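In: For reference, the sequence and a predicted model appear below.
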Amino acid sequence: MRLALAVFALLAAAPWLGFGEGHSLTLLARGMILGIAALGLWLLVGGAGLVSLGHAAMLGIGAYAVVVLDDARITDALVVVPVALAAAAIFALLTGAVALRTTGVNFIMITIAFGQMAFFTASSLALYGGDDGYTLYGRNTIGGARWLQDRLVFHYTCLALLIACFLLLRMLLASRFGRVLRAAKESPLRVEAIGFNPYPYRLLAYVVAGMMAALAGVLLANATEFVAPSYLAWQRSGELLFVVILGGLGGPQGAVVGALALVLVEELLSDLTEHWRLIMGPLLVLAVLFLPRGIAGGLAGVLRRG
Amino acid sequence: MAEPVLRLDALHKSFGGLAVTADVSLDVRPGELHAVIGPNGAGKTTLIHQVSGTLRPDAGRVVFEGRDVTALSMARRARLGLARSFQITAVLPGFSTRENVALAVQARSGTSFRFLRAAAGERALNDAAEAALAQVGLLDRAAVAAGALSHGEKRQLELAIALAQAPRLLLLDEPLAGTGAEEAERLVALLRTLKGGPAILLVEHDMQAVFALADRITVLALGRVIATGTPDAIRADAAVREAYLGEEAIG
């Protein structure tokens, strides 16, 4: 919790600590948006022990909700966000109902399959640019006001939503619902032996995770004012999964820390050399080897000692 | 005679061509401790899986409190009051000892689709959990992570979890498995204190413990019931002696 507080405080102060210009704010917004999507995935991986490789599809559904409504000239967040969340919830409910009949490797494969289905569907939407993607007319309004045009407002909107998702996740994990979910991760057999069927708990977690990703998708569409099918590609899901593991499975703060770390390290390295991916790969391997509890686990240890 | 808590009715289960449970019938009466023994390979574990619901029999019925539960899942049977402990300890290692038990209480205390309140702060759940821990003598370890308990303590925790379900029938799958002499002695004393509460179906390898605890004993050999009776009757039974010939002396 201390670590999360520190990160949120830094993000709140960032515009006044020399990260106030456009490029830096864009970068931080990308980190926070990735963080929101990763929080949803953390609920599955860290909370329920379900490794999904189809999480980007949910993010893409949120982004494409913005596109479809933008094309219909509906650009107010008060409509766009509920529609995006509902669309992702329905998709998660239908695909989760099937995928959660399985566990382990089969679950991973089924989530990839559903994710690719969504990816190819997006690619074939000629009306919305198909493979080339779709450029928005502009950012969403909020109750008619063009607040999101303002870089600082957008920054604090992302931060507020990130914090809200983090708190929601903590509350869910500590609740009766979350306790059953966590217990089913440790021993499904035990949970069934005392009378719980883990399935409905996992399904609900899957839906909540999908809705968080969709919220991130809406924000991402607004941040870039452009949406392409690549948002839904399974490589994106892999990146999200990597963020969660890199950050650490000890607590949901891992998702936030992992997302920011990935975005910032990527940026630093790409400033140094155009072959930054050659450095990034080994760096990630080292991180996994030497930080078994993730970056968040390592940082929390430092905070406790300090 | 009162309706038995549990009645197994001509259960049959084969794996491949091998009948592991063959025409097994037995009943457990209210308040009774009924033990199932048998040499290795007699089909004890397969039998207990069919009672708890992890395995479906090929034929026959499992009747629990007058209700045919043969087709119900383990979770459904648990909600009806059929609690089981595991031969290989299945506690939640990352949960505290208290929370392991509190979760079992939670399973029978209203819906678990509650999202706002922290479950660890629910007084009613914790109080009931601590009562069960006190019953098995593990209250002073309530705050310790279950993964850090000794093997014997984990066996005690298994019992506390089963007791916290307020069961009508306790299904104990080798509760003494893997314990040392001293731990086993303590667990036998603990099991004795549970007698007269819920009916108990005990599957156990430790003969001394079985003969000290059981009201009635059913002996399995090669999947079949070869004898059912009081400990004294079983001790004197010629078929039982033959089945155990060369294994170990009984009684």
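Out: Arrived safely, thanks for sending. Numbers count the residues shown, from 1 in each chain, chains lettered A, B, ... in the order given.

In: Tell me where the model's unsure across the stretch 151-251 of chain B.
Out: Across the stretch 151-251 of chain B, the ranges flagged by pLDDT under 70 are B:245-251.

In: Chain A contacts on that one?
Out: Residues of the stretch 151-251 of chain B lying near chain A by CB under 8 Å from any CB of the partner chain: B:161, B:165. Every residue, glycine included, has its C-beta placed from N, CA and C.

In: Could you count how many residues lie near the closest residue to chain A within the stretch 151-251 of chain B?
Out: Evaluated by CB to the nearest CB, the stretch 151-251 of chain B has residue B:165 as its residue closest to chain A, separated by 5.8 Å. Other residues near residue B:165 come to 24 when the count uses other CB atoms under 10 Å in any protein chain shown.

In: Spit out the contact partners of it.
Out: By CB atoms under 8 Å, 6 or more residues apart in numbering or on different chains, the contact set of residue B:165 is A:194-195, B:78, B:81, B:83, B:104-105, B:107-108.

In: Among these, name the ones in helices.
Out: Residues of the contacts of residue B:165 located in helices (DSSP state H): B:78, B:104-105, B:107.

In: Throw those into a markdown table and include neighbour count, thanks.
Out: A markdown table is the format used below for these (neighbours: other CB atoms under 10 Å in any protein chain shown):
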| residue | neighbour count |
| --- | --- |
| B:78 | 27 |
| B:104 | 31 |
| B:105 | 23 |
| B:107 | 23 |
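
In: List phi and psi for the residue of the stretch 151-251 of chain B closest to chain A.
Out: For residue B:165, the backbone dihedrals (degrees, to the nearest 10) come out as phi -80, psi 0.

In: Kindly report the same for the one 4 residues further on.
Out: Main-chain torsions, residue B:169, degrees, to the nearest 10: phi -140, psi 130.

In: swap in residue A:283?
Out: phi -60, psi -40.

In: residues near it, how many?
Out: Residue A:283 has 13 neighbours, counted by other CB under 10 Å.

In: Enumerate every residue touching it.
Out: If you count contacts by CB under 8 Å, 6+ apart, residue A:283 has them with A:265, A:269.

In: Average pLDDT for stretch A:254-271, rounded please.
Out: Taken as a whole, stretch A:254-271 carries a mean pLDDT of 93.

In: any idea how far it is from the chain center?
Out: Put simply, stretch A:254-271 sits 14 Å off its chain's centre (CA atoms, centre = their mean, to the nearest Å).

In: and the gap between the closest residue to the residue of the stretch 151-251 of chain B closest to chain A other than its chain neighbours and residue A:53?
Out: With CB to CB, 6 or more residues apart in numbering or on different chains as the criterion, residue B:165 has its nearest non-adjacent residue at 4.2 Å, and that residue is residue B:83. Separation of residue B:83 from residue A:53 (CB to CB, to the nearest Å) stands at 37 Å.

In: Number of residues surrounding the residue of the stretch 151-300 of chain A at minimum distance from chain B?
Out: Of all residues in the stretch 151-300 of chain A, residue A:195 sits closest to chain B, at 3.6 Å by CB to the nearest CB. Residue A:195 has 23 neighbours, counted by other CB under 10 Å.
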